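Chemist: Here's a sequence, model it:
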Amino acid sequence: MTADLRDIARQLEAGGIVPYLGPGMLALCEGARPPADALTLASLMTAKVSVPHKIRKRLTQAAQFIENFKHRKSVVNLMNEAFAESPAPSALHLALAAGGAGLWVDTWYDDTFRKALAQARPQGDWVQIQGLSQSEHFGQWTGVYADDGEALAELPADAGRILYKPIGSRWPAGNYLVSDSDYVEVLTEIDIQTPIPQAVQAHRGGRSFLFLGCRFDDQLTRSFARQIMKRSSDRHWAVLPDEPTRMEARFLDEQGIRRIDMTLPAFADALLELQPSALAA
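Modeler: All right, here's what the predicted structure looks like:
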């Protein structure tokens, strides 16, 4: 395990790893936190809007019901409220932001990692690409934003580093993939890579992925991870302290993902101790 950690630290510095962040990263942050899993988010939304009991704990179905019987704006407003604030970035957030990665994939709706980038890279050498809902942006799969939140017509040629938020984010424009129809549109095309930005496809080639704060115990998370990491290296890591489900274990094996059996806080402490000074700054 120590050898893996040293290898990860070296590759992070060299830019050979794409950090792939899930909602579990919020557990590293202190103070008030937004919802950090689909069940909590669904419960928060359905506490404010009545939905059938059988789907109250199912995020995508609950969001679809609200979209159908209220309005898409109701879904967006509920999501904006749920993620109105995000905590200060943890030490691991900041180290990853300051490190050598040229691409970060963040698969939750909060903007904690965006804050980490703003703090660690005040020179603004990065842009953000977010997935867009087809119900609001038909025919446009992604939106591009400068480090200050300004919407850009396209990815600048000198964009440098990229923060990719495939299911959207609260900041700066309240873009969300959250309802059944949102995901159906994307999953219909994702096998042929249409919703995945060309810059992301180009950068991942030959690189490893490091999964932090992620679970792969449902089809959506597996589908997105599988397609985002397509044509990358055949060697990856996932910090996963809980025993994998049968489907998770199969996914890890299929994708060449080595499980790191550590809690995320323990992994963060161990990695930060090994981080080269350039990353730990």
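
Chemist: can you pull the contacts of the closest residue to residue 213 other than its chain neighbours?
Modeler: Distance criterion CB to CB, 6 or more residues apart in numbering; nearest residue to residue 213, sequence neighbours excluded, is residue 24 at 2.9 Å. From N, CA and C alone the C-beta is placed, and that goes for glycine too. Counting by CB atoms under 8 Å, 6 or more residues apart in numbering, residue 24 touches 36, 212-215, 264.

Chemist: and with 10 Å instead?
Modeler: 36-37, 108, 211-215, 239-241, 263-264 (CB atoms under 10 Å, 6 or more residues apart in numbering).

Chemist: so how far is residue 123 from the residue nearest to residue 194 when sequence neighbours are not counted?
Modeler: Spatial nearest neighbour of residue 194, excluding adjacent residues (CB to CB, 6+ apart): residue 141 at 6.5 Å. Residue 141 sits 29 Å away from residue 123, taking CB to CB, to the nearest Å as the criterion.

Chemist: neighbour count winner among the two?
Modeler: residue 141 (20 against 8; other CB atoms under 10 Å).

Chemist: pretty sure the more buried one is touching residue 175, no?
Modeler: No - with contact defined as CB atoms under 10 Å, residue 141 does not reach residue 175; the gap is 11.2 Å.

Chemist: Now do the shared contacts for those two.
Modeler: 130-133.

Chemist: How about the contacts made by residue 84?
Modeler: 34, 170-171.

Chemist: scratch that, residue 6 is what I was asking about
Modeler: Residue 6 neighbours (CB under 10 Å, 6+ apart): 271, 274.

Chemist: Can we start the residue count at 30 from this point?
Modeler: Yes, from this point I'll number from 30; that puts the last item at residue 35.

Chemist: And what about it, helix, strand or coil?
Modeler: Three-state call for residue 35 (DSSP: H, G, I helix; E, B strand; the rest coil): helix.

Chemist: how much space between it and residue 42?
Modeler: In terms of CB to CB, residue 35 sits 11 Å off from residue 42.

Chemist: What of residue 82?
Modeler: Per CB to CB, residue 82 is found 51 Å from residue 42.

Chemist: go on, residue 195?
Modeler: In terms of CB to CB, residue 195 sits 25 Å off from residue 42.

Chemist: higher neighbour count, those two?
Modeler: With neighbours defined as other CB under 10 Å, residue 195 and residue 42 compare such that residue 195 has more, 24 against 17.

Chemist: what's the burial count for residue 263?
Modeler: Neighbour count of residue 263, defined by other CB under 10 Å: 9.

Chemist: Could you chop this structure up by domain?
Modeler: Domain assignment for the chain by automatic domain parsing gives 31-63+113-309, 67-111.

Chemist: Now render the ones you listed as TSV, adding mean pLDDT.
Modeler: Formatted as TSV, the domains of the chain follow (pLDDT from 0 to 100):
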stretch	mean pLDDT
domain 31-63+113-309	95
domain 67-111	97
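
Chemist: What's opposite residue 160 in the beta bridge?
Modeler: Assessed by DSSP bridges, residue 160 has beta-bridge partners residue 171.

Chemist: Done for today, thanks.
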